[in-house]
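Colleague: Below: sequence and its predicted model.
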Amino acid sequence: MSNIFKEEFENLISDAIKKQYGNIEVPELRYSIDVVFGKDWDISSSIALKLSKLLKKSPKIIAEELLKNIKHSNFFSEIISINGYINAKLSVTELSRYVLNEILTKKELYGSSDLGKGKVVLLEYPSVNPNKPWHIGHLRNPLLGDSLSNILKFCSYTTKRLDYIEDLGLQMAEILWGKKNLDWDPSDKKYDQFLGEKYVEINKRIKEDEEIQKQINQILKEMEDTSSKEAKEIREIAEKSVKAQYETAFKYLLYHDILIWESDILSEKLLQKSLDLLSKNSLIYIEKEGKLKGCTVLKTSLSGKADEENKKVLLRSNGVPTYLGKDIALHMWKLGIIKIPFKSKEFILQPDGSKAITTSSSGYPLDFTGADLAINIIGSAQNEPQTVLKNTLEIIDSKKAKNLVHVSYGELNLKEGKISGRSGTWLGNERNYTADDLFKFTVERAKEILLSGDKISPDINPDEVSKRIAISAIKFDLLKIDPITKLTFDWDRALDFNSNSGPYCMYMYARTCRILEKGKINNNNNNNNNNNLLNDKDISFAERDYGFELLKLLSLCNERVEKAANEYKPNVLAEYLIEISALFGKFYEHNSVLKGGDATKLRLAIVNAVRQTLYNILMLLGIEPLSSM
RNA sequence: GGACAUGUGGCGUAACUUGGAUAGCGCAUCGGCUUGCGGAGCCGAGGGUUGCGGGUUCAAAUCCCGCCAUGUCCGCCA
């Protein structure tokens, strides 16, 4: 369901077109309609301009003709034509009554949708290798994943948040070499931080001594046997490291449902089944000669270009699978093309009370048999392999392959260049570019601003409040931009909490709460009584003021949520929060609520509606607002 | 070399899918507002030939073609 006023306007115009011109082909009427702000009218259609060519008449005449045929509706107090546009004023009382009623009865469900009813969506993120802490470049990934997962859940999807852990790759082999050959005392550091620093040291050593690389390759081969001592040792290290990474995740209120391990995929023969299926469809062959002799490769046409130089290896000549080889197998499982009876057990109890489940060599059957929608949150650097993956699956099962979506995002760089786990550019002098340090310093900054204010509530806990403000600042900053846009990290910008920021929206939310408290309106999200609803007399004091503009804006909530869901763009909702917050700021300055005379009850209801909508949308971005800050 | 992506005031961005009224917003700059319903705020000013050139159209930031610039990928890395 989109906006009821837009629908009504669309229907009126649609009927008028039929009446005046018969069954002509109307180009997407709904896209010609806009709700507008700060003008004499509230809703507008440019359909007459679009029909001009078809009807061979001037837009002005068409608009006039349509206007004559538009029926009366209680929703609109006036409909006119200007320069070929058909513009309408909304009935202030009808809009106010309808929107307030919707929000104050639906409460925390206001804006939700049934778009994905009955469908299971699997979101994979962030799948960071377990040999280092999350750095700020990684962070955008789980923030996008978490927010999209919230948004899709709000649209009635059943969501599964998946983390894929690569415990058998080269990077872990290097770690194991380090453990055997370097000083190794992880006791006084966060474990992922410790591994990350060692990883940088190991890579320096590799550059100095070619022999080391050979030793690492030997370890890598031994690890492929998942029952080997090496594989077990590395799994242990990896589990400990992932738990350390999740400490970081929990600070940011990020949680998962399922962890799937590369080693379990190999143990359960998923790769073999995938290769069999590819072979059955004649999509792979063993290279007989040339530099790829002995490798199992994908037919070249699948990479989108029949380029001999661009062959994709799935199995190396020594039989060890490549990343792409494993990835194709993983996605056959995700989409339910191959079913695997994975065993599972609890990995960790998360602070929100939910359990993250992990695949395992023993335990109970994993409750997952394939997704209706599989979303990969992966950086734009991997656009090509993601395309190869999808093209390959298209041939195996075109229907299911259509359910695979790559949400591609621009990677984050530092001013001084790329952020690299291997070379150690994530290590700084006073501050590391890790998610942990970003959090730490943003909290410090938030606390500094908080304590410098002269209006601190005595009943708040500055440490807790600073954390929540920091979370809002970081998440909002990274989510407010279109995912595809690449970012350059800058401490000054990250620590700026002025408008167009998370703290700004949080501040407006806190204001609504304080006004409602003083106006004695219950703002508990879970209360089920509707005492706050208004009668006709209260509504009759509605005017064309900022309060009315706010309600108009709030009425667009559902369509903004669906847009964010359909386009996989949380920034749509961040923009929406800014619009609401800014308009509420004006409303607050220009229309006194508590001293609003006859309009006080109405205005309190508007404030409550703003509060509820801000709350609902902030939560979709993974930001938990505070009633005072 | 090929493929893909991106180019919007000094900086950061929105609108591009679906062409439509004066290109919206923030930062920075300049000026104003406060004993208030919480100033992390509000009001105002200056700042744009939407990378360049062509085309389609009554109408182009938006669609098409060419060029330029930047980034990414093109490995028996992941």
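Modeller: Looks like it arrived, so ask away. Residues are numbered from 1 along each chain as shown, chains lettered A, B, ... in the order given.
Colleague: near RNA strand B, anything from the helix or strand hosting A:Ile265?
Modeller: Assessed by DSSP states H and E, A:Ile265 sits inside helix A:262-267. No. Counting by Cβ under 7 Å from any atom of the strand, RNA strand B has no neighbours in helix A:262-267; the shortest distance is 7.5 Å. For the C-beta atoms, the positions are set from N, CA and C on the backbone; glycine is no exception.
Colleague: so where is chain A shaky, pLDDT-wise?
Modeller: A:1-2, A:300-309, A:455, A:522-532 (pLDDT under 70).
Colleague: Can you list the buried residues in whichever helix in chain A runs longest?
Modeller: Among the segments of chain A that qualify as a helix by DSSP state H, the longest is helix A:229-251. Along helix A:229-251, the positions that meet the burial threshold by neighbour count (16 or more other Cβ atoms under 10 Å) are A:230-231, A:234-235, A:237-239, A:241-242, A:244-246, A:248-249, A:251.
Colleague: between these, which is closest to A:Ser156?
Modeller: Distances from A:Ser156 to these, taken as Cβ to Cβ, are shortest for A:Ala249 (25.6 Å).
Colleague: one step back: is any residue of the longest helix of chain A near RNA strand B?
Modeller: No. Taking Cβ under 7 Å from any atom of the strand as the criterion, helix A:229-251 and RNA strand B are apart, separated by no less than 12.0 Å.
Colleague: RNA strand B contacts on the stretch 151-300 of chain A?
Modeller: With the criterion set to Cβ under 7 Å from any atom of the strand, the stretch 151-300 of chain A comes near RNA strand B through A:166, A:169-171, A:291-295.
Colleague: Which among these count as buried?
Modeller: Neighbour-count burial (16+ other Cβ under 10 Å) is assigned, among those, to A:166, A:169-171, A:295.
Colleague: Most widely separated two among those residues?
Modeller: Largest separation among those by Cβ to Cβ: A:Gln171 and A:Cys295, giving 21.8 Å.
Colleague: Residues contacting stretch A:40-49 from elsewhere in the structure, which ones?
Modeller: Around stretch A:40-49, the neighbours that count as contacts under Cβ atoms under 8 Å, 6 or more residues apart in numbering are A:5-6, A:9, A:13, A:17, A:26, A:29, A:32-36, A:59-60, A:62-63, A:66, A:76, A:80-81, A:84-90, A:552.
Colleague: Can you flag the buried ones in those?
Modeller: Among those, those scoring as buried are A:5-6, A:9, A:13, A:17, A:26, A:29, A:32-33, A:35, A:59-60, A:62-63, A:66, A:76, A:81, A:84-90, A:552 (criterion: 16+ other Cβ under 10 Å).
Colleague: restrict these to contacts with RNA strand B.
Modeller: Filtered for proximity to RNA strand B (Cβ under 7 Å from any atom of the strand), the buried ones among the contacts of stretch A:40-49 shrink to A:32, A:59, A:85, A:87.
Colleague: Need the max-distance pair from those residues.
Modeller: Checked with Cβ to Cβ, these reach their widest spread between A:Pro59 and A:Asn87, with 13.1 Å between them.
Colleague: Not counting its neighbours along the chain, what's nearest A:Lys243?
Modeller: Excluding the flanking residues, the one nearest A:Lys243 by Cβ to Cβ, 6 or more residues apart in numbering is A:Ile348, at 6.2 Å.
Colleague: what's the offset of the following helix or strand past the helix holding A:Ile265 from the middle of its chain?
Modeller: Scanning the chain past helix A:262-267 towards its C-terminal end, the next helix or strand to appear is helix A:270-280 (assignment: DSSP H and E). In terms of Cα atoms, centre = their mean, to the nearest Å, the centre of helix A:270-280 is set 32 Å apart from its chain centre.
Colleague: Repeat that for stretch A:482-499.
Modeller: Stretch A:482-499 has its average C-alpha position 17 Å from the chain's average C-alpha position, going by Cα atoms, centre = their mean.
Colleague: care to break chain A down by domain?
Modeller: In the domain annotation for chain A, the residue ranges read A:4-90, A:435-620 (automatic domain parsing).
Colleague: Ok, which of those domains comes nearest A:Leu176?
Modeller: The minimum distance between A:Leu176 and the domains of chain A falls on domain A:435-620, with 24.2 Å, by Cβ to Cβ.
Colleague: isn't A:Lys19 right next to A:Ile70, touching?
Modeller: No. Shown here, A:Lys19 and A:Ile70 do not form a contact pair, counting by Cβ atoms under 8 Å, at 9.2 Å.
Colleague: Between those two, which is the more surrounded one?
Modeller: When neighbours are counted by other Cβ atoms under 10 Å, A:Ile70 comes out ahead of the other of A:Lys19 and A:Ile70, with 20 against 14.
Colleague: Who are the contact partners of that one?
Modeller: A:12-13, A:15-16, A:79, A:86.
Colleague: go again using 6 Å as the cut-off
Modeller: Under the criterion of Cβ atoms under 6 Å, 6 or more residues apart in numbering, the contact partners of A:Ile70 comprise A:12, A:16, A:79.
Colleague: helix/strand/coil for the second one?
Modeller: Looking back up the chat, that one is A:Ala16. Put simply, A:Ala16 is helix when judged by DSSP: H, G, I helix; E, B strand; the rest coil.
Colleague: State the distance from it to A:His72.
Modeller: With distances taken as Cβ to Cβ, to the nearest Å, A:Ala16 is found 12 Å from A:His72.
Colleague: how long is stretch A:241-259 end to end?
Modeller: Stretch A:241-259 has an end-to-end distance of 13 Å (Cα to Cα, to the nearest Å).
Colleague: Next, work out how far apart A:Ile80 and RNA strand B are.
Modeller: Distance from A:Ile80 to RNA strand B, counting by Cβ to the nearest atom of the strand, to the nearest Å: 9 Å.
Colleague: Which residue is the nearest non-sequential neighbour of that residue?
Modeller: If you skip the residues right next to it in sequence, A:Ile80 has A:Asn87 as its closest partner in space, 5.6 Å away by Cβ to Cβ, 6+ apart.
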